[in-house]
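K.L.:
how does the following fold in three dimensions:
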Amino acid sequence: MIEVSIVIPVYNRAAVVPVTLQSILAQTYRPLQVVLVDNFSTDNTLNVLQQFKEDHEREDLKVVVTREEHRTAGAARNHGFEHATGEWVLFFDSDDIMEQDLVSSYVSLIEKARENGNEPDLISASSTLIFPDETQREAPFHKRDLFANHILHGQLATQRYAIRREFFASTDGWNINLPGWNDWELGLRLLLTNPQVAFMGGRSHIIINHNGADSITGTEFHSRQGQWEHVIDIMINEVRCSRLKPEHKTRFERLLEYRRLVLAAQYEREGFPDLAKPLCQEAYLALRDSYHDNRRWRWFVAPVTRRLFARIASGKRGSARIARLLY
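P.N.:
Here you go, the predicted model:
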């Protein structure tokens, strides 16, 4: 049997994490190990986690409760991984839900791959997003052009993949100094190692909460201005220092600058044009330079780029599909 470990960092989620824990308890697959990392919460979270261990730990459901004092999710996840014993690991957030057959579906795919002699390093899975108005939609999920789709859509967000333990151990793990977008940065870094990737599409097995104040992700960007830009800068540098072909580096840098443009449009939409304008200009100039200010840039890419900014700032969807083709 393949043992699977589920690592969850938790900070001040005493009222929220029980729903996530119940979704893990409902998993049809065993053996499981659950590693719960309290990030030195100031509420009753630690007691909730310890009570879960006391009530539900069994021979085929091992529960580890530990603490990490460095208060970022990345640090907590790295700490949890140190306690993970499973051959495969799922990182999960404390406000999200897994359908009861999520782990069994991962394991079925792994077992089939083993029979064929090509076990993957990680498995990308489809998921559903829940928004503040309680609407739901399927998160973008693609089996091709994964680099671009991760940059544009965060396809390797925290909850959206399973990873082989030995493969993850060979990486530098989570960046403990990033308070936001740490999973986006890690996903790119994982792809830069050229892993063997499998895909679990079809019906969504993961529900990700973007539902207002209880969401770890949050619903606005301006209050953490500077943090997001720093992550984009880090990722551009990682692409530049990678072994990708020059044409791929150029494309992915352009897509990251497009994400900078998207961030500027979010600031504009949230009513902070003073934050949006310089950031938009920075992205625009970087894109222009990548095209060497050539005719294609001036006559086609630049006008469309300006329209994309206006489109995103007005709240319209679908711009990422245009960007993937444009850049």
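
K.L.:
contact partners for the residue nearest the centre of the chain?
P.N.:
When Cα atoms, centre = their mean is applied to the chain, the residue found nearest the centroid is Ala157 (1.6 Å). The neighbourhood of Ala157, defined by Cβ atoms under 8 Å, 6 or more residues apart in numbering, consists of 127, 139, 183-184, 187, 208. Where you see a C-beta, it was placed from the backbone N, CA and C, and this is true even at glycine.

K.L.:
surely Ala14 touches Asp38?
P.N.:
No. Counting by Cβ atoms under 8 Å, no contact exists between Ala14 and Asp38, whose distance comes to 10.2 Å.

K.L.:
touching both of the two, which residues are there?
P.N.:
With Cβ under 8 Å, 6+ apart, Ala14 and Asp38 have common neighbours Thr45.

K.L.:
which one's more surrounded, these two?
P.N.:
The neighbour count for Ala14 versus Asp38, taken as other Cβ atoms under 10 Å, is higher for Asp38 (24 against 16).

K.L.:
residues contacting the more buried one?
P.N.:
Contacts for Asp38 (Cβ under 8 Å, 6+ apart) come out as 10-11, 45-46, 49, 65-68.

K.L.:
how about the residues you listed in TSV, adding distance to Lys249?
P.N.:
As requested, those are arranged in TSV below (distance: Cβ to Cβ, whole Å):
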residue	distance to Lys249
Val10	38
Tyr11	36
Thr45	42
Leu46	45
Leu49	43
Val65	43
Thr66	39
Arg67	40
Glu68	35
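
K.L.:
and these, which are buried?
P.N.:
Among the contacts of Asp38, those classed as buried by neighbour count (16 or more other Cβ atoms under 10 Å) are 10-11, 45-46, 49, 65, 68.

K.L.:
farthest-separated two in those residues?
P.N.:
Taking Cβ to Cβ, the two most distant members of the buried ones among the contacts of Asp38 are Tyr11 and Val65; they sit 14.0 Å apart.

K.L.:
helices along the stretch 101-250 of the chain, start to end?
P.N.:
Chain-ordered helices for the stretch 101-250 of the chain, with DSSP state H, counting those that start in this stretch as the definition, fall at 102-115, 146-153, 165-169, 182-192, 227-240, 246-269.

K.L.:
format those helices as a markdown table; extra columns: distance to Arg296, mean neighbour count and mean pLDDT.
P.N.:
As requested, the helices of the stretch 101-250 of the chain are exported to a markdown table (distance: least, Cβ to Cβ, whole Å; neighbours: other Cβ atoms under 10 Å; pLDDT from 0 to 100):
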| stretch | distance to Arg296 | mean neighbour count | mean pLDDT |
| --- | --- | --- | --- |
| helix 102-115 | 42 | 17 | 97 |
| helix 146-153 | 19 | 21 | 96 |
| helix 165-169 | 39 | 16 | 98 |
| helix 182-192 | 26 | 21 | 98 |
| helix 227-240 | 22 | 17 | 98 |
| helix 246-269 | 12 | 20 | 98 |
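
K.L.:
quick one, which of those helices is nearest to Thr85?
P.N.:
With Cβ to Cβ as the measure, helix 165-169 is the member of the helices of the stretch 101-250 of the chain nearest Thr85 (8.3 Å).

K.L.:
now the closest one, how far from the centre of its chain.
P.N.:
The chain centroid and the centroid of helix 165-169 are separated by 18 Å, computed with Cα atoms, centre = their mean, to the nearest Å.

K.L.:
which neighbouring elements make contact with that helix?
P.N.:
strand 88-91 (3 or more Cβ pairs under 8 Å, 6 or more residues apart in numbering; DSSP states H and E).

K.L.:
so for the strand it packs on, mean pLDDT?
P.N.:
Over the span of strand 88-91, the pLDDT mean works out to 98.

K.L.:
stretch 57-68 now?
P.N.:
The model assigns stretch 57-68 a mean pLDDT of 97.

K.L.:
over to it now: how far is its first residue from its last?
P.N.:
Stretch 57-68 has an end-to-end distance of 21 Å (criterion: Cα to Cα, to the nearest Å).
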